[in-house]
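1. Give me a 3D structure for the following:
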Amino acid sequence: MTLKIRIDDGTPPYEQVRAQISEQARSGVLPVGYRLPTVRGLAETLGLAANTVAKAYRALEADGVIETRGRNGTLIAAAGEGAERELAVAAQSFAARARRLGSSEGEAVAAVREALRAAYQ
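-> Numbers count the residues shown, from 1 in each chain. So this is what the prediction gives:
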């Protein structure tokens, strides 16, 4: 089990780093507790600026995918259940807001589909 990241043209590099680490953590390629390289170490390996990798790590930490433990480094977090709970809370909040706005269920679902389509492009 080794972190494998490939940077190509198109998507911003920090987003590629974020997405690839997230996917490898979600799929189990990188198990819970796996220690990621330092920001500088990964930046050097990938030929990126340290700020680019730091931005990806911050986003991953905000998403609960990784956690930083000071001297112990940056590790893959046990985020599965936490992420699912956070998603459920966000969905409940959206549903309540859509109802307060007077949206039908179909309108609310269409809005979510459109937001997801935009987010995953």
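2. first to last residue in stretch 2-9, what's the distance?
-> Across stretch 2-9, the terminal residues are separated by 23 Å (Cα to Cα, to the nearest Å).
3. Name the surrounding residues that touch it.
-> 13, 16-17, 20-21, 24, 29-30, 34, 36-37, 42, 46-48 (Cβ atoms under 8 Å, 6 or more residues apart in numbering). For every residue, glycine as well, the C-beta is placed using N, CA and C.
4. Quick one: the strands in this structure, in order.
-> Secondary structure of the chain (DSSP state E): strands at 35-36, 66-68, 74-76.
5. Out of those strands, which one sits most buried?
-> Compared across the strands of the chain, strand 74-76 shows the largest average neighbour count, a mean of 21 (mean count of other Cβ atoms under 10 Å).
6. any idea which helix is longest in the protein?
-> helix 80-100 (DSSP state H).
7. Show me what that one packs onto, helices and strands only.
-> Here helix 80-100 touches helix 105-119, going by 3 or more Cβ pairs under 8 Å, 6 or more residues apart in numbering; DSSP states H and E.
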